[in-house]
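J.: Please find the sequence and the predicted model below.
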Amino acid sequence: MAFINTGGSNASQGIQKSNNFYIILLTLVATLGGLLFGYDTAVVNGAEEALGKYFVQSKPNDFSLLTTPLINQYRWLMVIVLFIVAIIICIQMLKLLGKNRGIIVSVIILVALIVWSYFSVNEIMPSGADALQNMANSIKGFILSSALIGCIIGGALAGAISKSWGRKTGLFIAALSFLFSAIGAWKPEAFNIFGVLPVYSFVVYRIIGGFGVGLASMISPMYIAEIAPAKIRGKLVSFNQFAIIFGMLVIYFVNYVIAGKGDEQWLTTEGWRWMFFSGVIPAAIFFILLFFVPETPRYLAMKGKDASALKVLGKIGGKEEAQSVLDSIKSTLHETSRPWLSYGSLLIIVGILLSVFQQFVGINVVLYYAGNIFRNMGSSTDSSLLQTIIVGVVNLLFTVVAIFTVDKFGRKPLMIIGSVGMAVSMIALGFLFYSNNLGIVALIFMLIYTAAFAMSWGPVCWVLLAEIFPNSIRGALSIAVAAQWIANWVVSFTFPMMNDNVALTNQFHHGFAYWIYGVMAVLSALFIWKLVPETKGKSLEEIESIWKK
């Protein structure tokens, strides 16, 4: 899931003798941004059921918490969120299509959203058990996926922040966002300064944390790429992806430990708070350590701070080569840029679909809602959280497999094999839920699905995205990144609506959503087979020539 930006020149290009110990220390600090990325997005896994009971529906068929203010504020906040997402899309359309066509497309998007918003906020209050249950599912999905709204915003602004204020300052902002979010989500009633209900105070603090995730998703690997020598840059940048998965595994374990401190009632009223508050510890460590790392030489050179850049380069690789490396960096600062459609629309479409399919196969349903899935299989809260840890371990192990095999077996074979594995697993899970034949077999298919994704679409998707976009239109990668976060939010928001929908549950016994993800996995395999070129062993110039043809 990480945005790995290794394009362009890195800060220590040309260094032959590097201070590897110092560079690794800087890398470890930067990868804390990746660890918090995984930690903050996956924390909802253990708190999902408790949040639903505390804020939305305390028990089945009890809709006393669904007050008119709760529903009205949800509708207005949804309108605000969709306008933010629409504005981000419109900005991308202007860059992609140019001023004239971009304005036309943007106006169509905004007018359609205004019309929808008018009818949405003026919709009558739901009545009847089924309508109220579906509204409860929608609000619950909105609460649980709220951090991803911040991810969309942070990802959209990360480039501007890192360029204007610096990579280090961008990481500071991310660390503070994680810190404030953890504290605010812990006590949303006490820190409610937004004039909304406590539940939506919680949502705002989660959005703040998501903003930090969006920043870290781009700036952490960018920082590493710009301080690492070329000969070890790939390995060091891959640590960030490893840190994201490791952060998820850590919070799965933390959630399990916290859940064991009390009963179900305590978990509903207090336990979930400590799950979110636990993020204060890694966020504070990240914030403090950032005081001891330098700004990247590339950014310092961009700002004309040559003396500072030389000082950092001297620490990284020695004073003897610092000046020549700085000259090399400065010679690449004015890179030529071309219109984003210079290589045709197919490249842009491939980039967007890589990101969209990475999410539409349903991976974040597993990473964020595994506890819910295992409870639907009949597990207790403690058992479901323990099984979630197993999912995290499998995810971590097979991510390592991908890192060591992507250059050996190629991108396309791994992606197609992963898609087939995910398709079989998700379709099988759907039938197991449908037939109420759950147990160890369902857990095995869940683990196969996780392994299939981790060895393919997880890290390899970003390898492809980093390779297929030529340097002259590198900025177009932002469209793929925006599509990834938006698709992530859509999947995470809609899963509770599909999984807990009254009609779908009565008909398919929670199996419907898994069939949808299985179909998406089949389509993703066909997409890779037909449209995505193999980039293994090809230079960036050779890959660029593919799109020219």
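T.: That came through fine.

J.: all contacts plus neighbour counts: C-alpha atoms, from now on.
T.: Fine.

J.: Quick check: buried residues in the helix or strand in which Ser308 is found?
T.: Assigning secondary structure by DSSP states H and E places Ser308 in helix 306-317. Neighbour counts over helix 306-317 (16 or more other Cα atoms under 10 Å) mark Asp306, Ser308, Ala309, Leu310, Lys311, Val312, Leu313, Gly314, Ile316, Gly317 as buried.

J.: In this structure the last one contacts Phe21, no?
T.: No: under the contact definition of Cα atoms under 8 Å, Gly317 does not touch Phe21, with a separation of 10.8 Å.

J.: can I see the domain layout of this structure?
T.: Domains of the chain are assigned by automatic domain parsing as 9-334, 340-549.

J.: I'd like these as CSV, with mean pLDDT appended.
T.: Formatted as CSV, these follow (pLDDT from 0 to 100):
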stretch, mean pLDDT
domain 9-334, 89
domain 340-549, 86
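
J.: and Val115, how many residues sit next to it?
T.: Look at Val115: counted by other Cα atoms under 10 Å, it has 10 neighbours.

J.: Summarise which helices and strands the helix or strand encompassing it is packed against.
T.: Assigned by DSSP H and E, Val115 belongs to helix 99-121. Counting by 3 or more Cα pairs under 8 Å, 6 or more residues apart in numbering; DSSP states H and E, the packing neighbours recorded for helix 99-121 are helix 68-97.

J.: Return the distance of the helix it packs on from the chain's centre.
T.: Its chain's C-alpha centre and that of helix 68-97 lie 19 Å apart, by Cα atoms, centre = their mean, to the nearest Å.

J.: Now it: buried residues?
T.: So for helix 68-97, counting by 16+ other Cα under 10 Å, buried means 70-72, 74-75, 77-79, 82-83, 85-86, 88-90, 92-97.

J.: residues of the helix holding Val115 that come out buried?
T.: So, applying 16+ other Cα under 10 Å, buried residues of helix 99-121: Gly102, Ile103, Ser106, Ile109, Leu110, Ser117, Val121.

J.: tell me what the helix or strand just after that helix is packed against?
T.: Next in sequence after helix 99-121, counting helices and strands by DSSP H and E, comes helix 129-144. With contacts taken as 3+ Cα pairs under 8 Å, 6+ apart, helix 129-144 sits against helix 198-227, helix 477-499, helix 502-508.

J.: Enumerate residues external to helix 129-144 that contact any of its residues.
T.: 44, 48, 52, 56-57, 61, 63, 66, 74, 126, 199-200, 203, 492-497, 500-502 (Cα atoms under 8 Å, 6 or more residues apart in numbering).

J.: So which bits of the following helix or strand past it are buried?
T.: Where DSSP H and E defines the elements, the next helix or strand beyond helix 129-144 is helix 146-164. Neighbour-count burial for helix 146-164 flags 146-159, 161-162 (criterion: 16+ other Cα under 10 Å).

J.: what does stretch 288-298 give?
T.: Buried residues in stretch 288-298, counting neighbours by 16+ other Cα under 10 Å, are found at Leu290, Val293, Pro294, Glu295, Thr296, Pro297, Arg298.

J.: From start to finish, how long is it in a straight line?
T.: End-to-end distance of stretch 288-298: 23 Å, with Cα to Cα, to the nearest Å as the criterion.

J.: Over to stretch 468-481?
T.: Using Cα to Cα, the end-to-end distance of stretch 468-481 comes out at 14 Å.

J.: Return the distance of it from the chain's centre.
T.: On the basis of Cα atoms, centre = their mean, stretch 468-481 is displaced by 18 Å from the centre of the chain it belongs to.

J.: and if you look at stretch 283-292?
T.: Counting by Cα atoms, centre = their mean, stretch 283-292 comes out at 22 Å from the chain centroid.

J.: Residues contacting that stretch, please?
T.: By Cα under 8 Å, 6+ apart, the residues outside stretch 283-292 that reach it are Val29, Leu32, Gly33, Leu36, Lys168, Leu171, Phe172, Ala175, Leu176, Phe178, Leu179.
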